[in-house]
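Peer 1: fold the following.
(one chain, ligands or ions: 3)
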Amino acid sequence: MERLPKSAAVALPSRRTMLSGAAALAAVPALASWVPGAVRDPGQPAAGHHPSHMENHAGHAGFAGGSVPPARAGIDPTAILHDFDRGKASTLPDGRTLREWDIIAVDMDFEIAPGVTFPGWSYNGRIPGPTLWAREGDALRIHFTNAGAHPHTIHFHGIHRAEMDGTPGIGAGSIAPGQSFTYEFDATPFGTHLYHCHQSPLAPHIAKGLYGGFIVEPKKGRPKADNEMVMVMNGYNTDGGDDNEFYSVNGLPFHFMDFPVQVKQNELVRIHLINVLEYDPINSFHVHANFFHYYPTGTMLTPSEYTDTVSQVQGQRGIVELRFPYPGKYMFHAHKTEFAELGWMGFFEVSAA
Ligand code: CU
Ligand code: CA
Ligand code: CU
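Peer 2: Ligands and ions are numbered 1, 2, ... in the order given. Take a look at the predicted model:
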């Protein structure tokens, strides 16, 4: 198992020793001010008067709470929401659409929380990587170049030949630093999918940032959504070991607390929700004051569930569809409190129609 460099260490104690609820909030003043009373246990004294293990670390250099401005972080989760990359499209002699992308693996640092630098491995310099969009039946070519310091692959979820699977030892297998390979297959089946590196040791190769969404639109399309977006749920292991210190949607902890997702009253919001979280077995998505229809893996056109909370294991994904009947600000977050308090929380801001 590869270890992250010590320089990536963050001054937070291991999450295994963290207290939850009021005690955890007490150590993160910016958080407490974002959601006064929403997460804090009303039975507990005010945050500042509740000594905790974490408070003892509050003077350390390192994470000071809040989100990093996107330009400084090198990640803009708001831009990623609507950034569907349809590739370079052309028409094949048989009339089908060919879509091509250039994907480059590159090692890059990201400031994922104030004062916390994450030495990431990225596709195209971003975490998560580009959201690739295709229509069912399109021919796809992904020209992959490994500009990183370690061997990598791109393993796509979907139906394709073994040698296009991005698995070490099969076909081209591991792509060494400086080498290139073109993955070629058809877009099938329709649904909300993902891609990620499949090099061993697998956990760090994924957790360092080598993943992205892969959306295959049904041939005849879905009912038109007014506001279609992608949310990739991830985590960051910043101090080694086999646990995460931060959690996020679209790559930047707490971002959507400071920059709420903008939606309009009553419009149809469609969210391609993808869980790439490593080290923790289950992630979840919960929205306040509303319910949504859920389409597991996005492979059916009828929803299987009407709920306000859904869980996903690693690699699981699905489509969330909802309308907000009232204007205002509504939280969404992992229903695992610990993940929420370490970055996986945000707001929808609903403007009046
Ligand atoms: Cu890799
Ligand atoms: Ca860790
Ligand atoms: Cu996978």
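Peer 1: enumerate every residue touching the closest residue to ligand 2 within the stretch 251-353 of the chain.
Peer 2: Nearest residue of the stretch 251-353 of the chain to ligand 2: residue 279, at 7.6 Å (Cβ to the ion). Every residue, glycine included, has its C-beta placed from N, CA and C. Shown in contact with residue 279 (Cβ atoms under 8 Å, 6 or more residues apart in numbering): 203, 207, 235, 237, 242, 243, 244.
Peer 1: could you check the pLDDT of it?
Peer 2: What the model reports for residue 279 is a pLDDT of 97.
Peer 1: what do you get for residue 65?
Peer 2: 73.
Peer 1: what's the burial count for the nearest residue to residue 184 once chain neighbours are set aside?
Peer 2: Leaving aside its sequence neighbours, residue 184 sits nearest to residue 141 (Cβ to Cβ, 6 or more residues apart in numbering; 5.1 Å). Using other Cβ atoms under 10 Å, residue 141 has 15 neighbouring residues.
Peer 1: beta partners of residue 180?
Peer 2: When bridges are called by DSSP bridges, residue 180 pairs up with residue 145.
Peer 1: start to end distance for stretch 258-275?
Peer 2: In stretch 258-275, first residue to last residue: 22 Å (Cα to Cα, to the nearest Å).
Peer 1: just the contacts of residue 279 now: which is nearest residue 304?
Peer 2: Of all these, residue 235 has the smallest distance to residue 304: 26.5 Å, by Cβ to Cβ.
Peer 1: surely residue 128 meets residue 207?
Peer 2: No: counting by Cβ atoms under 8 Å, residue 128 stays clear of residue 207, with 11.9 Å between them.
Peer 1: ok, those two, which is more surrounded?
Peer 2: Using other Cβ under 10 Å, the more surrounded residue of residue 128 and residue 207 is residue 128, with 29 against 23.
Peer 1: I'd guess that one is in a strand, am I close?
Peer 2: No: counting by DSSP: H, G, I helix; E, B strand; the rest coil, residue 128 falls outside a strand, being coil.
Peer 1: OK, contacts around it?
Peer 2: Under the criterion of Cβ under 8 Å, 6+ apart, the neighbours of residue 128 are 80, 209, 211, 212, 213, 232, 234, 250, 251, 276.
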